[in-house]
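Enquirer: Build me a model from this:
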Amino acid sequence: MRSGVPEQAASSLGTGAAEGASVGASVPPSDSGGDPRWARVLWPAGSAMPRPPAVAVAVLAFLAFGVAVGEAVRPPESSSPSLLVADAPPPASAPAATATAPPVEAAITPEVSTAAVTPKPAAAAKPKKTKPATKAPASSPAPSAFPSVKHVFEIVLDAHGFTEAFGASSPATYLAKTLPSQGELLRNYYSVAGGALANEIALIGGQGPTPQTVADCPTFTDIAPGTIGAEEQVAGAGCVYPAQTPTLAGELTAAGKSWKAYVEGVGSGAAGEPATCRHPALGSADPDQTATPTDPYVTWRNPFVYFHSLIDGSACAKGDVGLEQLAPDLKKAADTPSLAYIVPDRCHDGSEQPCAPGAPAGLAAADSFLQTVVQEIESSAAYREGGLIAITFDQAPQSGPNADPSACCETPQYPNLLSSPAAATGTTGTSATGATGTTLTSETTTTTTALPGGGETTPTGGGGRVGLLLISPYVKAGSTSEVYYDHFSLLLSLEELFSVKRIGYTANPRLVSFGRAIYNAPAGKG
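Expert: Alright, predicted model coming up:
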């Protein structure tokens, strides 16, 4: 039997292999405990087995040459099988071996040799554990508390309380029954001071009253000393606010928005009097304190003329116009202002005194006015593209059988009133810190009623409960609200709708404004 090494390879390796050498001679056991049978294949019995370093060299050399001479040197048919190398399969063109290997030797696969020359494959790197991508939960953004109102139509009537105007026995059936079915009635809505003009100034300026604005300013004088203190309140006595006093009109102009006051009868004065922004000369007595058959306009129903920031320039002359201008402005949404403040004259504002002998008066006259004006507004493009109609009264009656001097919410104790009505009734005060760090005192009495969300109602210190009706695609038709609000709340809510700065007492952080509870129509459809 021939050696397992071809003669050419043996000669190259210098192993001294010779024919007739037998397989199976004793081989010293391996120090490593491995199977020494591979040595019997390479070294015949009786030969001296090289030392381990020589073995490694020989194995490497054999493998290197084995591939090169594989095709040129083919073992004879009687030879033992050649060494099997896992990484070098026989060429496809080589003929299949026909010899039958001996039973024992054929079963010996040179595992050790292969390991010696072929590095063990590196362990496959474990894939990094990665967190599965987390898909953000699909959710709609939280709805804004403020709808996209583009035009507000604010109609201010005079001197009627909630029960008179909106109660079951109200003579104003259009106001009390028809319009609430179209919108939302805020039942616990209050005026903030005794005196019509004081409340109207609060609605557009956030200012508290002076003794003169409570009395509707019979003399058109500046407020003196006119210093501006905490909460932008102007200190002193008088009627006309200094130029640095902010107004909603001024804030709208600064924000690139528009405003107009549509004042019925403003242009019906004597010859030579202005047809817009009509007011007395500074320091003089007001000749328009009372309506006449030929001139139903009264100055104190027009709060815009009491601010120097408006009357000293052209703002008031351009923006404080007659009611007859409303219809032309409503023809195009682009011509309709962001804020339309609508003032009926003494023939139509609810006054119980007729403006002319035999003329209708009171709520019935106001009802006819509303029918005309509200329907005109509702049919306009400006209202349809995002309108809000707000109807309220400047105050409740302050004398007579329906007198109501009550207040609610965070109505402060006004610094310009030297003696508060509450002081005479032995009231105490609760305080809250305002945005500017000042202390606002809400008048309380032993009959105080706590309100939802903070605040209180008091029997005195305000102008009474008057109610507010809102009509808009953004409010649900036929709905009501029992939440307590006041004129400062309305001003604050308009500031929020138009994204302008808080002014005057609206800076009080505890003041409640309208939110989703009021703008309650789903998807802005009333």
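Enquirer: And the contacts of the helix or strand S309 falls within?
Expert: Assessed by DSSP states H and E, S309 sits inside helix 308-311. The contact list for helix 308-311, computed with CB atoms under 8 Å, 6 or more residues apart in numbering, reads 222, 240-247, 249-250, 277, 279, 304-305, 315-316, 319-320. No exception for glycine: its C-beta is placed from N, CA and C like everyone else's.
Enquirer: show me the contacts for V156.
Expert: V156 touches 200, 203, 341-343, 392-394, counting by CB under 8 Å, 6+ apart.
Enquirer: from these, which ones fall inside helices?
Expert: Assigned to helices by DSSP state H, the following of the contacts of V156 qualify: 200, 203.
Enquirer: Distance-wise, check the spatially closest residue to A193 that is not a sequence neighbour relative to T411.
Expert: Excluding its sequence neighbours, the residue lying closest to A193 (CB to CB, 6 or more residues apart in numbering) is P209, at 4.4 Å. To T411, P209 is 11 Å away according to CB to CB, to the nearest Å.
Enquirer: of those two, who's got more company?
Expert: Remark: of P209 and T411, T411 carries more neighbours, 31 against 21, as counted by other CB atoms under 10 Å.
Enquirer: so that one sits right up against A198, yeah?
Expert: No: counting by CB atoms under 8 Å, T411 does not reach A198; the two are 12.0 Å apart.
Enquirer: what's the overlap in contacts for the two?
Expert: Counting by CB under 8 Å, 6+ apart, the residues touching both T411 and A198 are V192.
Enquirer: Quick one: end-to-end distance for stretch 395-414.
Expert: Terminal residues of stretch 395-414 are spaced 17 Å apart (CA to CA, to the nearest Å).
Enquirer: Give me the buried positions along it.
Expert: Across stretch 395-414, burial judged by 16 or more other CB atoms under 10 Å covers 395-398, 404-414.
Enquirer: And those, which is closest to T336?
Expert: T336 has its nearest neighbour among the buried residues of stretch 395-414 in Q395, at 28.4 Å by CB to CB.
Enquirer: Quick one, grab the pLDDT at that closest one.
Expert: Looking at Q395, its pLDDT stands at 98.
Enquirer: for the nearest residue to it once chain neighbours are set aside, what are its contacts?
Expert: In space, and not counting its chain neighbours, Q395 is closest to G463: 3.5 Å by CB to CB, 6+ apart. By CB under 8 Å, 6+ apart, the residues touching G463 are 190-195, 198-199, 394-396, 398, 404-405, 407.
Enquirer: Doesn't G463 lie inside a strand?
Expert: No: counting by DSSP: H, G, I helix; E, B strand; the rest coil, G463 is not part of a strand but coil.
Enquirer: from the buried residues of stretch 395-414, which is closest to F153?
Expert: For the buried residues of stretch 395-414, the minimum distance to F153 (CB to CB) is 20.5 Å, reached by Q395.
Enquirer: So that closest one sits against A159, correct?
Expert: Yes: using CB under 8 Å, Q395 is in contact with A159, at 6.0 Å.
Enquirer: burial of P225, as a residue count?
Expert: The burial count for P225: 11, using other CB under 10 Å.
Enquirer: Would you check that it makes contact with A237?
Expert: No: P225 lies out of contact with A237 (CB under 8 Å); the separation is 9.1 Å.
Enquirer: For stretch 276-287, buried residues please.
Expert: Buried residues in stretch 276-287, counted by 16+ other CB under 10 Å: 276-280, 286.
Enquirer: ugh, wrong one, stretch 165-175
Expert: Buried, per 16+ other CB under 10 Å, within stretch 165-175: 165-166, 170, 172, 174-175.
Enquirer: got it, and stretch 312-330?
Expert: In stretch 312-330, counting by 16+ other CB under 10 Å, buried: 315-316, 319-323, 326, 329-330.
Enquirer: how far does it stretch from start to finish?
Expert: End-to-end span of stretch 312-330 (CA to CA): 28 Å.
Enquirer: what comes into contact with it?
Expert: Stretch 312-330 has contacts (CB under 8 Å, 6+ apart) with 243, 249-250, 253, 259-267, 274-278, 302, 304-305, 309-310, 335-337, 340, 342-345, 373, 376-377, 380-382.
Enquirer: What I need now is the buried residues of stretch 165-175 written out in TSV, including secondary structure, distance to T290 and pLDDT for each item.
Expert: Shown next, in TSV, are the buried residues of stretch 165-175 (DSSP: H, G, I helix; E, B strand; the rest coil; distance: CB to CB, whole Å; pLDDT from 0 to 100):
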residue	secondary structure	distance to T290	pLDDT
A165	helix	23	98
F166	helix	28	98
S170	coil	26	97
A172	coil	24	97
Y174	helix	28	98
L175	helix	25	98
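Enquirer: would you list those in a markdown table and tack on distance to A291?
Expert: Output for these, formatted as a markdown table (distance: CB to CB, whole Å):
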| residue | distance to A291 |
| --- | --- |
| A165 | 21 |
| F166 | 25 |
| S170 | 23 |
| A172 | 20 |
| Y174 | 23 |
| L175 | 21 |
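Enquirer: so T506, which of the three states?
Expert: helix.
Enquirer: Near it, how many other residues are there?
Expert: T506 has 25 neighbouring residues, counting by other CB under 10 Å.
Enquirer: returning to that earlier point: from the buried residues of stretch 395-414, pick the one nearest Y519.
Expert: Distance to Y519 across these (CB to CB) is lowest for C409, with 19.2 Å.
Enquirer: Return the distance of the closest one relative to L252.
Expert: 24 Å.
Enquirer: now P246
Expert: Distance from P246 to L252, by CB to CB: 11 Å.
Enquirer: quick one, strands of the stretch 301-450 of the chain?
Expert: 320-322, 339-343, 387-393, 428-433, 439-444, 449-450 (DSSP state E, counting those that start in this stretch).
Enquirer: and stretch 159-174, how far apart are its ends?
Expert: 18 Å.
Enquirer: Repeat that for stretch 328-348.
Expert: 21 Å.
Enquirer: One more: stretch 234-245?
Expert: 8 Å.
Enquirer: And stretch 290-305, by the same measure?
Expert: Length of stretch 290-305, first residue to last, CA to CA: 17 Å.
Enquirer: And that stretch, what's buried?
Expert: Buried residues in stretch 290-305, counted by 16+ other CB under 10 Å: 291, 295-305.
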